[in-house]
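1. make a model of this:
(2 chains)
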Amino acid sequence: MSGAAQPLAATPFAQRPGLRRTWLQMRRNHIGFVVCALGPILALFVLIRIYPIVETIRLSFYNYNITQRRNPFIGFTNYIRLFDDDPFRTALLNTIGFSVLSVIFTLALALAIAILLRSIEPAAPTFELLFYIPVVIPWVPAAVIWKWIYDPAYGALNYVLSGFGVPKLGWLQEPTLILYAIVVVSVWKLVGYFIVIYGVGLRGIPEELLEAASLDGATARQKLVYIVLPLLRPIILFTVVTCTIICFNVFAPVYVLTASSQGAPAYDFKVVVGEIYQNGFVFYHMGYAGAQCVVVLLFVMSLLIVQFLAFREK
Amino acid sequence: MFEERSIRITAWVACTVLALFTVLPFVWILATAFKTAAEINLWPPTFLPHAPTMANFHELLQETPFLRYIFNSLVIATGSTVSIMLTSSLAGFVFAKYRFPLRGPLFMLILASAIIPLEAYMVPLYIMVFKVRMLNTFAALIFPLMIMTFGVFFMRQVIMSIPDDLLEAARIDGASELWIYLRIILYLSNSGLMAIGVFAFTQAWANFIWPLVVVSSGDMYTTELGLAEYQRAFFTEYGPIAAGAVISVVPMLIVFALLRRHIMQGIATSGMKG
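-> The predicted structure follows:
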């Protein structure tokens, strides 16, 4: 046994005790298994995440078209083009408007419901489950469902409103109405998820704190403003970031809701991801689409940095 | 939290009304799917079908390749789920229980990339798939959905709670690291793994933009893509589309109903992180 170990100890590798110790330590930490297990996963991760992200940035500096042989470097031309691109500007403004409305309504409603549910705790899980149903419904069928509700001729919404004397409206045909129509769909779809998240945060608030405040004569409003909301701050920040990113990438519901069908044309509501799809995969202007992707990337990154800084502050 | 009587009454009323509004659109499409074409185009609309019929489902499944789309979606969702469960648990295990150089930075990199949406980097993915001539294949459809960075984070959290002594004891008994992963880690983290499985399955099933981009021939459509395209072009009648929407939602609802406890726990953890 020790005889076998002797020649090993005589190798130059082992003469440097520092290296040898590192090696032994790595052995003890099962470095072989770590490399075999993590290596392929990391390789895959680089292939389908890191490389495409980096490559997107690189592409945005090229006049890249998948159907052409030469794809020359053109510097910032794609970015300069973005400024003169009217559809893209419209798409950006639409997306921002949609995101702002959607995030505010979704989160305010989710927070209100989550807080109300805490006063009827025994029934809360049932309600959370009901509110969660639209979250489970994928965007496409969700949009299909709402498209029928919004239908100008046979839709349930116009029928209900006609009871109040409102004339039939083209919810998906009027440029001003379609924004709100899509906001309603997204609030309906997303609110359940954030109710559950806020529920977790609210359950984490120590009950003694609120009882102590009650004993001191605090009203429900005061407890909400001075105890509950400040303690929820990190979770609220997290949900604002998450919800904004989800909304900023809105595409599937817009794709379905703005499509003309059943003889009813719809207004072409442009969004950022729709423009990326159009430029990259319909016209094959992939360099230009790449520049638009970089806009999305920068937006997401800046949100991440805001979140990171806000957490470091604490 | 708030025990005042007036708040409790407000809570009951508000939540009941809102829950009703939440469920109503789905009930509406469910009812529509069983109506005849004539009844669908009735004004004023009826709520429940007068003469429930399977005609819409029949038409959708018999006269269009929708059944094939369902099959495609199942293959893609299953492939993605298996891959994500494997990679998440294995990577989560390694990050939770081993010390190695660059562990911290690597983990931060994975975590940071979790929030970047597929839409922002799908162009190079498409070019990659195009260059290896794999457009229109299952491989291409599953490819970007093979790992879930949130899954790695989540499984790490779950596995970190498994005591080290257990692993040490197994090693003393001569267990290899792979054996520990297969027999101890997978067994003890199985509830968390289920949650990740559900997330992966629903995510792959609901994915829309990637199939839209890489699929060009009808026989590789997924249910989501098929539904969206029917909605846009092929049908002038709403009944079969309603039936398609119901078909595309029902598997999600079943999965959710069966595993809701795991799912709620999973979301709770994702919220905790913030």
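2. so which strand or helix has whichever residue of the stretch 101-250 of chain A sits closest to chain B?
-> The nearest approach of the stretch 101-250 of chain A to chain B comes at A:Phe238, 2.6 Å away (CB to the nearest CB). The C-beta positions use only the backbone N, C-alpha and C, and glycine is treated the same way. Using DSSP states H and E, A:Phe238 sits in helix A:229-248.
3. after that helix, which helix or strand is next?
-> For helix A:229-248, the following helix or strand on the C-terminal side (DSSP H and E) is helix A:252-257.
4. quick check: mean pLDDT of that following helix?
-> Average pLDDT, helix A:252-257: 91.
5. shaky segments in the chain?
-> I went with chain A, as the question did not name one. By pLDDT under 70, the low-scoring segments of chain A are A:1-17, A:260-265, A:313-314.
6. chain B is the one I meant
-> Looking along chain B with the criterion set at pLDDT under 70, you get B:233-236, B:269-274.
7. so what does the longest helix along it touch, helix or strand wise?
-> Longest helix in chain B, counting residues (DSSP state H): helix B:66-97. With contacts taken as 3 or more CB pairs under 8 Å, 6 or more residues apart in numbering or on different chains; DSSP states H and E, helix B:66-97 sits against helix A:31-45, helix B:103-113, helix B:138-142, helix B:149-160, helix B:190-206, helix B:223-229, helix B:239-258.
8. dump the ones you listed into TSV; add distance to B:Gly79 and mean neighbour count as well.
-> Converted to TSV, the helices and strands packed on helix B:66-97 look like this (distance: least, CB to CB, whole Å; neighbours: other CB atoms under 10 Å in any protein chain shown):
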stretch	distance to B:Gly79	mean neighbour count
helix A:31-45	14	16
helix B:103-113	21	14
helix B:138-142	4	19
helix B:149-160	15	23
helix B:190-206	8	21
helix B:223-229	15	25
helix B:239-258	16	21
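9. relative to helix B:149-160, how tilted is the longest helix of chain B?
-> 50 degrees (axes from the mean of the first three to the mean of the last three CA atoms, to 10 degrees).
10. using CSV, write out every CA atom in the helix holding A:Phe238.
-> C-alpha atoms of helix A:229-248 as CSV (Å, rounded to 0.1, in the frame of the first residue of the first chain):
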residue,chain,number,x,y,z
LEU,A,229,-46.2,48.5,3.4
PRO,A,230,-42.7,49.4,4.7
LEU,A,231,-42.1,45.8,5.6
LEU,A,232,-43.3,44.7,2.1
ARG,A,233,-40.9,47.1,0.3
PRO,A,234,-38.4,44.5,-0.9
ILE,A,235,-41.1,42.2,-2.2
ILE,A,236,-42.9,45.1,-3.9
LEU,A,237,-39.7,46.1,-5.6
PHE,A,238,-39.1,42.5,-6.7
THR,A,239,-42.6,42.3,-8.2
VAL,A,240,-42.3,45.6,-9.9
VAL,A,241,-39.2,44.4,-11.7
THR,A,242,-40.6,41.0,-12.6
CYS,A,243,-44.0,42.4,-13.7
THR,A,244,-42.4,45.1,-15.8
ILE,A,245,-40.2,42.6,-17.6
ILE,A,246,-43.1,40.3,-18.3
CYS,A,247,-45.2,43.2,-19.7
PHE,A,248,-42.4,44.8,-21.7
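11. that helix: which residues count as buried?
-> Residues A:231-232, A:235-236, A:238-248 are the ones in helix A:229-248 that count as buried (16 or more other CB atoms under 10 Å in any protein chain shown).
12. and the residue nearest the centre of chain B?
-> Nearest to the geometric centre of chain B sits B:Thr202, at 1.3 Å (CA atoms, centre = their mean).
13. surely it is in contact with B:Val255?
-> Yes - using CB atoms under 8 Å, B:Thr202 is in contact with B:Val255, at 6.8 Å.
14. hang on, A:Ile245 packs against A:Val300?
-> Yes - between A:Ile245 and A:Val300 a contact is recorded at 5.8 Å, counting by CB under 8 Å.
15. what touches both of these two?
-> Taking CB atoms under 8 Å, 6 or more residues apart in numbering or on different chains as the contact rule, A:Ile245 and A:Val300 both touch B:Ile115, B:Pro117.
16. in the strand or helix carrying B:Leu24, what counts as buried?
-> For B:Leu24, the element it lies in under DSSP H and E is helix B:5-33. The neighbour-count check on helix B:5-33 (16+ other CB under 10 Å) flags B:7, B:11, B:15, B:18-19, B:22, B:25-26, B:28-33 as buried.
17. picking that back up, could I get the helices and strands packed on helix B:66-97 as TSV with distance to B:Gly266?
-> Shown next, in TSV, are those (distance: least, CB to CB, whole Å):
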stretch	distance to B:Gly266
helix A:31-45	20
helix B:103-113	16
helix B:138-142	22
helix B:149-160	7
helix B:190-206	3
helix B:223-229	22
helix B:239-258	12
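18. looking at these, spot the one closest to A:Tyr79.
-> Nearest to A:Tyr79, of all the helices and strands packed on helix B:66-97, is helix B:103-113, at 23.5 Å by CB to CB.
19. list the contacts of B:Ile70.
-> Neighbour list for B:Ile70: B:Thr223, B:Ile247 [criterion: CB under 8 Å, 6+ apart].
20. these two touch, right, B:Leu135 and B:Ser217?
-> No - if you go by CB under 8 Å, B:Leu135 and B:Ser217 don't touch, sitting 9.1 Å apart.
21. who's more crowded, the two?
-> Legend: neighbour count by other CB atoms under 10 Å in any protein chain shown for B:Leu135 and B:Ser217, higher for B:Leu135 (17 against 8).
22. where does that one sit: helix, strand or coil?
-> In three-state terms, and counting by DSSP: H, G, I helix; E, B strand; the rest coil, B:Leu135 is coil.
23. next, the contact list for residue 29, please.
-> You didn't say which chain, so I picked chain A. So A:Asn29 contacts B:Tyr98, B:Arg99, B:Phe100 (CB under 8 Å, 6+ apart).
24. actually it's chain B I care about, not the one you picked
-> Taking CB under 8 Å, 6+ apart, one finds A:Pro141, A:Val144, A:Ile145, A:Trp148, B:Ala242, B:Ala245, B:Val246 in contact with B:Ile29.
25. what's the answer for B:Leu193, then?
-> The contact partners of B:Leu193, taken as CB under 8 Å, 6+ apart, are B:Met85, B:Ser88, B:Ser89, B:Met155, B:Val158, B:Leu186.
26. measure it to B:Arg260 for me?
-> For B:Leu193, the distance to B:Arg260 (CB to CB, to the nearest Å) stands at 16 Å.
27. over to B:Arg68?
-> B:Arg68 sits 30 Å away from B:Arg260, going by CB to CB.
28. also A:Gly192?
-> 12 Å.
29. which one's more surrounded, the two?
-> Here A:Gly192 and B:Arg260 are compared on neighbour count by other CB under 10 Å; more neighbours surround A:Gly192, at 25 against 16.
30. now do the contacts for that one.
-> Counted by CB under 8 Å, 6+ apart, A:Gly192 has contacts A:Ala110, A:Glu128, A:Phe131, A:Tyr132, A:Ile133, A:Pro134, A:Val135, B:Thr22.
31. tell me the SS of it?
-> Going by three-state DSSP: A:Gly192 is helix.
32. for stretch A:270-278, give me every contacting residue.
-> With CB under 8 Å, 6+ apart as the test, stretch A:270-278 has contacts from A:87-88, A:90-92, A:94-95, A:98, A:248-251, A:254-255, A:289, A:292-293, A:295-296, B:119, B:123, B:209, B:212-213.
33. if we use 6 Å, what do you get?
-> Stretch A:270-278 is contacted from outside by A:87-88, A:90-92, A:94-95, A:249-251, A:254, A:289, A:292-293, B:119, using CB atoms under 6 Å, 6 or more residues apart in numbering or on different chains.
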